[in-house]
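K.L.:
Please work out how this folds:
(2 chains, ligands or ions: 2)
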Amino acid sequence: MLLLRSRTVIGLLGIAGVACLLVCSFGEMYIEITYREKIINEIISVQHKDLFFVKQDYISPDDENIGERENAFFSELSIEPGIILSTLLKVNDRIAYGEDGKTVDVYSLYTDTEMLRICGIKGEYKAGDVIVGSRLKGILKEGERITSLGREYTVVAFSDENTKVVPTSIYSSPEVCFEIDNALVILNTDGVFGTGADVYMEITEDADLSAIKAKIAELNKKYNVGFTLQNIDDALEIIRDNKMKSANDKVVIVYFAVLMAVLSVATMNMVDVLSNRREYGILCSCGYTKRDLSKIIIIEDCLIFVIACFAAWTIRGVMLQYEKSVVKGMRLDIHYRYIHGYNMAFVIFCIFLSSISAMLYLNRRSPSDLMREMN
Amino acid sequence: MIKLEGIHKYYGAGEGRVKALENVSLEIERGELVAVIGMSGSGKTTLLNILGCMDEPTEGKYYYDDVDVTELTPHQKDMFRKKHIGFVFQDFALLPQYTVYENIELPLIASNVKRTERKRLITDILRQLGIEDQRDKLIKKLSGGQKQRCAIARAIVNGSELLLADEPTGALDTKNGEKIMEIFKELNSAGKTVIIITHDMKVAGTCKRVIEIQDGSIKRF
Ligand SMILES: Nc1ncnc2c1ncn2[C@@H]1O[C@H](COP(=O)(O)OP(=O)(O)OP(=O)(O)O)[C@@H](O)[C@H]1O
Ligand SMILES: [Mg+2]
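P.N.:
Ligands and ions are numbered 1, 2, ... in the order given. Now for the predicted structure:
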């Protein structure tokens, strides 16, 4: 009925709206963490002890002939990009790795404008299109639909024989792209391996690792590139660390932002109570108990947060729709599936947190004290 | 009905402590019409606030129908006020941005009275006080006398048995003041206990009983 605080409600709405946008992004964060955690576990399940890779340590080379230098690097290292795993696997093959024989679907999946450029493919592409390693040319046909890990993809092209660099896109899928073909195994967890190429190689059992490392270091200097030799175990550690670090960073930022928003709402509540002291006192004289007043505050805050949450959810939805229309992606839908319980609990906590100071203020003062105008 | 025993009230603490009431003891029976008089700053409002549970005494006992009010929890005191007390203030203490109807509705909402019942009660009370045609007017558009009628309506709509009025005629001209006093007398003869603070000896003279407070103590019963 009577919104005593109608004067401040609009201000509160604004701030709560921001808060709830943050709450929603917090939810997304949560998805990312759990989802990525799953990926990491998946990677672990395909651990292949003998699989080494030469990791590129820099993110984006700023000079133009970097590609040439890299090629020179690899040819001198005598790792011919393209011949690393001798087994030819089919997309959709199910392979077992590791001692406990865990299985994973093999799929080759990657599309990106950069990739298209490198592969010399022109024309439009959609997320969900795959460019398949050239070795699968005999098995798959262009335009064929393949299913992998429950996803459907369309083969749009085959990569060049000598494809080496596969950069990631900003909308890259977080799946592990285990393209076992054409010299590349792409553990495509964006940002982890940098946006450049990681070349994977199989090293014979009796190979002298330290010698290879020394050679790499020497060649790095020579060609002004930055590669390191890593075992997949090391890589997984790095993935985990980086993922958790970036997730934690985001969580801290969001926590901080939500905290600020809650503080602002709490401040607005206090301003309201202070400027409407007399009105609250009058309500007491009319028979409202302190509990009634607390209830009014909580209910109004709830209302504000619910409206703001709905607004945030809608805004996020529209944004996603736009993103989807741009990238024509599929996993963006995930946002909606996860946006319940967890977020609601958090919102309720925020409401409580932002109401408490005003409620305490009212409860600590006698009605006659409230009715007196402040001097 | 009301029994105060050795009530003291001090504001603040230490050197800046202000004495508002000192050793006040009195009894008021059901159905009485009492005037409280005294100089400005003598403690009249303080006494009324304690009677209405708007404030707590520093010391002393307050019994209401044998209930020791001073021993109640804060929430019980709130409930006590909701159930038994109606307030009328000199400055009306109405919410100006709401209508007459909405202001009178407040105590009923606080007591969870149903909407239809609220409507019936408010219509009755508006008629009783002769302001039914002001029903949907905003408070700020009323005259002083109309405002005070509205405030009285709000104080009694819930059926509270004890009416506490702090200089209800203070902001009104003589004619309107007399009319308001008439209302209080009518309410009193209908069975309500009424305690009225006043500066006006003429007003006090119309009450059956006058209590004079001087410097925080009761001087005359
Ligand atoms: N909240 C307060 N803090 C400090 N002192 C107060 C407070 N309220 C009242 N007093 C003091 O207590 C004494 C009694 O005040 P009270 O308001 O009861 O007087 P009153 O008889 O109602 O006066 P008036 O006729 O002017 O309304 C005064 O000296 C006043 O200054
Ligand atoms: Mg007074």
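K.L.:
could you point out which element follows the one helix or strand B:I109 maps to?
P.N.:
In this assignment (DSSP states H and E), B:I109 forms part of helix B:100-110. Once the chain leaves helix B:100-110, the next helix or strand it forms, by DSSP H and E, is helix B:115-128.
K.L.:
ok and the helix or strand just after that next one relative to helix B:100-110, angle-wise?
P.N.:
Per DSSP H and E, helix B:115-128 leads on to helix B:144-156 as the next helix or strand towards the C-terminus. Put simply, helix B:144-156 runs at 20 degrees to helix B:100-110, going by axes from the mean of the first three to the mean of the last three CA atoms, to 10 degrees.
K.L.:
in helix B:144-156, what counts as buried?
P.N.:
Buried residues in helix B:144-156, counted by 16 or more other CB atoms under 10 Å in any protein chain shown: B:145-156. Heads up, the C-betas are built off the backbone N, CA and C, glycines and all.
K.L.:
what about it, average pLDDT?
P.N.:
Across helix B:144-156, pLDDT averages out at 95.
K.L.:
got it, and stretch B:37-44?
P.N.:
For stretch B:37-44, mean pLDDT rounds to 93.
K.L.:
Stretch A:256-275 now?
P.N.:
Stretch A:256-275 comes out at a mean pLDDT of 79.
K.L.:
May I see the buried residues of that stretch?
P.N.:
A:257-258, A:261-262, A:264-266, A:268-269, A:271-273.
K.L.:
quick check, nearest of the residues you listed to ligand 1?
P.N.:
A:V273 (18.3 Å; CB to the nearest ligand atom).
K.L.:
Check which helices and strands the helix holding B:I109 is in contact with.
P.N.:
helix B:115-128, helix B:144-156 (3 or more CB pairs under 8 Å, 6 or more residues apart in numbering or on different chains; DSSP states H and E).
K.L.:
Report the distance from it to the chain centre.
P.N.:
17 Å (CA atoms, centre = their mean, to the nearest Å).
K.L.:
the inter-axis angle of that helix versus helix B:115-128?
P.N.:
Going by the same axes, to 10 degrees, helix B:100-110 makes 130 degrees with helix B:115-128.
K.L.:
then helix B:100-110 to CSV, C-alphas only?
P.N.:
Only the C-alpha atoms of helix B:100-110 are listed here, as CSV (Å, rounded to 0.1, in the frame of the first residue of the first chain):
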residue,chain,number,x,y,z
VAL,B,100,-7.7,11.7,5.0
TYR,B,101,-8.8,8.1,4.3
GLU,B,102,-5.3,6.8,4.0
ASN,B,103,-4.2,8.4,7.2
ILE,B,104,-7.1,7.0,9.1
GLU,B,105,-6.4,3.6,7.5
LEU,B,106,-2.9,3.4,9.0
PRO,B,107,-3.8,1.9,12.5
LEU,B,108,-6.2,-0.5,10.8
ILE,B,109,-3.5,-1.8,8.5
ALA,B,110,-1.1,-2.1,11.4
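K.L.:
hmm, who's touching it?
P.N.:
The list of residues contacting helix B:100-110 from outside it, by CB atoms under 8 Å, 6 or more residues apart in numbering or on different chains, reads A:1-2, A:283, A:286-289, A:292, B:82, B:86, B:94-95, B:117-118, B:121-122, B:125-126, B:131, B:134-137, B:139, B:142, B:150, B:153-155, B:157-158.
K.L.:
In that helix, which residues are buried?
P.N.:
Burial within helix B:100-110, assessed by neighbour count using 16+ other CB under 10 Å, is assigned to B:100-110.
K.L.:
tell me what the top helix by length along chain B is packed against?
P.N.:
As assigned by DSSP state H, the longest helix anywhere in chain B is helix B:174-189. Here helix B:174-189 touches strand B:33-38, helix B:144-156, strand B:162-166, strand B:193-197, going by 3+ CB pairs under 8 Å, 6+ apart.
K.L.:
Buried ones from the contacts of helix B:100-110, can you make that a ChimeraX selection?
P.N.:
To isolate the buried ones among these in ChimeraX, judged by 16+ other CB under 10 Å, type:
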select /A:2,283,286,287,288,289,292 /B:82,86,94,95,118,121,122,125,126,131,134,139,142,150,153,154,155,157,158
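K.L.:
So which of the contacts of helix B:100-110 would count as near ligand 1 as well?
P.N.:
Applying CB under 6 Å from any ligand atom, the subset of the contacts of helix B:100-110 adjacent to ligand 1 is empty.
K.L.:
Quick check: the residue most central in space within chain B vs ligand 1, distance?
P.N.:
Within chain B, the residue whose C-alpha comes closest to the C-alpha centroid is B:L164; the distance, by CA atoms, centre = their mean, is 1.9 Å. Distance, B:L164 to ligand 1, using CB to the nearest ligand atom, to the nearest Å: 12 Å.
K.L.:
hang on, isn't that residue packed against B:T45?
P.N.:
No: look at B:L164 against B:T45 with CB atoms under 8 Å: they stay out of range, at 10.1 Å.
K.L.:
Next, the contact list for B:E117, please.
P.N.:
Contacts of B:E117 by CB under 8 Å, 6+ apart are B:L108.
K.L.:
Mind telling me what element A:N220 is part of?
P.N.:
helix A:209-223.
K.L.:
And that helix, what's buried?
P.N.:
In helix A:209-223, counting by 16+ other CB under 10 Å, buried: A:212, A:216, A:219, A:223.
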